[in-house]
Structures are given as structure tokens and as C-alpha cells.
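Enquirer: Predicted structure and sequence below. I'll ask about it afterward.
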Amino acid sequence: MKNSEIYLYGAGGHAKVIADSTEGLGWRIKGIFDNNPPAKFLDNKYPLYLELNSIELDVNIPFVVGIGNNSIRKRLVESELVRKIFATIIDRTAIVSKYAKIEEGTVIMPSAILNIDVNVGKHCIINTNASIDHDCIIKDFVHISPNVSLAGNVVVGEETHIGIGATVIQGIKIGKNCTIGAGAVIIRDVPDGATVVGIPGRIIKNNK
């Protein structure tokens, strides 16, 4: 990205980590937007606004959505932020193969690892210390939580959330809108809309 400035939508804990990664890249945060802002955000070093129309936006400055919830992040991108441009943030401590493909709006957090031929869609979160091995496909609006391990050739469907510390063996296909519980071990394919917990993972709910 040629432009070294961003707008950040969101002012919660996830947004703070993005802001820290942004600073580490030497980029500047032009403004932060949140309709329910905290009393303090990074020592109030950046301007904080309640609404997008609070200021005249520079159309050449991209947005990053700092919201951890997949469905909220998707709604914002497809409504309030429609026709905006988006940046991709890759923390300077992340290890990303030169053969990996990462689409717009996605954030790669500290110490994450993405190996060769990984494909990550739009507006995803690859969180702290997550490990994604070769040839994995991560669809749009996915959240891969801290310390998740995906073996090679795993496919994760749109809007799925994989909880902290979960492990997925090679070749597994996880559907869209799934929830994988913290610490779960996934050894079988997961259908759309399923909630899976435990070792080995078992389906406890299916919203399909």
C-alpha cells in the first residue's frame, strides 16, 4: 500500500492491537471511529469520532475494521463502509510466505505464521501466534483466534470463528458460519452453521 495512513473503525481491545501493529509499521492513524468509544484509547493520541460524517474523509486513505465479531465486521463493510477502500495490516513480527495471498481489509497479528500458498480472503483476522500451514484457504470475514493451529490444506468457510488454541488436522473442510470452541481438536469435516467443541471435536449445535 502506497499510502501510510489509515482510518480505524472500532476502539475496543482488538482495535488497540491493530493500532499497535500500525505504529510498528510506521503508519499513521488519521482517525478512529466508534459509536460507543471507551473513556481512553492509547492515551488519546489519535482523534476519536462517533460517526463517519463527523469529519470530511479523505477518499484516498483506506480503512481497517477493528471489530472482532465476524457478523458485525461484515455488516459494517457492506453498509456504513460500502465503496470505501481498505488496507491490509501485517504486523512486523508475523511470518508470511512470499507465496501467500492476503486480500484487502485483513489483519495479520503479532507472531502469526502463514506458510506457502495460503490464501486468506477479505476482512479476516489471523490473530496472535496463529499458525496456518501450506495450501490453506481462509474465506472472507473469518476470525482465527490466538494460538490456533491449522495443518495443511484446511479450508475455512466465510464468517467462521475458530476459538483460541483450537487445532485442525490436515485436509479438513470447515463450513461457513461455524463456531469452533476454544481448544477443540477438529479431525472431521464440519458442516455449515455448526458449533463444535471438545477433543475430538463434536457438534453440539447446528444452525444450518
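Expert: Looks like it arrived, so ask away.
Enquirer: most remote residue from this protein's center?
Expert: E56 (27.1 Å; C-alpha atoms, centre = their mean).
Enquirer: And that one, what's its pLDDT?
Expert: As predicted, E56 sits at a pLDDT of 89.
Enquirer: Of all residues in this structure, which one is nearest the centre?
Expert: I125 (1.3 Å).
Enquirer: right, and R92 touches S21 too?
Expert: Yes. Counting by C-beta atoms under 8 Å, R92 touches S21, with 7.5 Å between them. For the C-beta atoms, the positions are set from N, CA and C on the backbone; glycine is no exception.
Enquirer: what about those two, which has more around it?
Expert: Per other C-beta atoms under 10 Å, whichever of R92 and S21 has more neighbours is S21, with 21 against 10.
Enquirer: gap between that one and K84?
Expert: From S21 across to K84, the span is 20 Å (C-beta to C-beta, to the nearest Å).
Enquirer: now I126
Expert: Counting by C-beta to C-beta - I126 and K84 are separated by 22 Å.
Enquirer: More neighbours: the two, which one.
Expert: I126 (30 against 18).
Enquirer: May I have the beta-bridge partners of the more buried one?
Expert: Beta bridges link I126 to I108, I144, judged by DSSP bridges.
Enquirer: what residues are up against it?
Expert: 94, 106-109, 112, 114, 120, 132, 138, 144 (C-beta atoms under 8 Å, 6 or more residues apart in numbering).
Enquirer: try 10 Å this time
Expert: 90-91, 94, 96, 102, 106-109, 112-114, 118, 120, 132, 138, 142-146, 148, 150 (C-beta atoms under 10 Å, 6 or more residues apart in numbering).
Enquirer: One more: G201?
Expert: Taking C-beta under 10 Å, 6+ apart, one finds 166-168, 172, 174, 180-181, 183-188, 190, 194-195 in contact with G201.
Enquirer: Would you mind listing the residues touching both of R92 and S21?
Expert: Shared contacts of R92 and S21, counting by C-beta under 10 Å, 6+ apart, come down to P110.
Enquirer: Run through the protein and note the low-pLDDT ranges.
Expert: 1-3, 39-40, 43, 208 (pLDDT under 70).
Enquirer: Return the longest helix in it, judged by number of residues.
Expert: If you go by DSSP state H, the chain has its longest helix at helix 13-24.
Enquirer: buried stuff in that helix?
Expert: Of the residues in helix 13-24, 14-19, 21-22 count as buried by neighbour count, 16 or more other C-beta atoms under 10 Å.
Enquirer: got CSV for those residues, with distance to I67 too?
Expert: Shown next, in CSV, are the buried residues of helix 13-24 (distance: C-beta to C-beta, whole Å):
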residue, distance to I67
H14, 7
A15, 8
K16, 12
V17, 12
I18, 10
A19, 13
S21, 15
T22, 15
